[in-house]
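> Have a look at this prediction, sequence included:
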Amino acid sequence: MAANEYSVTGMTCGHCEMSVREEVGEIAGVTGTDVSAQTGRLVVTADGDIDDAAILAAVEEAGYRAERV
């Protein structure tokens, strides 16, 4: 199991967290997302390798910016 951590900017509330969680959760292989608007952190767990580009694109699709930490 793999886990990557990202810094997300622009999230301010629970609705923001839900938007990011839904978009990232649609990526094949992702088994879990832990997202916090308070800390600006997103931790993604997956069965196999995590495609950083896909994660970043999903966060952008939700309306925010992210970078791998």
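Received the coordinates, thanks.
> alpha carbons only for contacts and neighbour counts from here, please
Noted.
> quick one: secondary structure of residue 42?
Secondary structure for residue 42, judged by DSSP: H, G, I helix; E, B strand; the rest coil, is strand.
> ugh, wrong one, I meant residue 60
Following three-state DSSP, residue 60 is assigned to helix.
> Identify the residues contacting the lengthiest helix in the chain?
Secondary structure of the chain read by DSSP state H shows that its longest helix is helix 14-25. Helix 14-25 is contacted by residues 11, 30-37, 55, 58-59, 61-62 when judged by Cα atoms under 8 Å, 6 or more residues apart in numbering.
> Average pLDDT for that helix, rounded please.
Taken as a whole, helix 14-25 carries a mean pLDDT of 98.
> same question, stretch 44-54
95.
> what about it, how long is it end to end?
In stretch 44-54, first residue to last residue: 12 Å (Cα to Cα, to the nearest Å).
> What is the neighbour count of residue 10?
12 (other Cα atoms under 10 Å).
> Sounds good, over and out.
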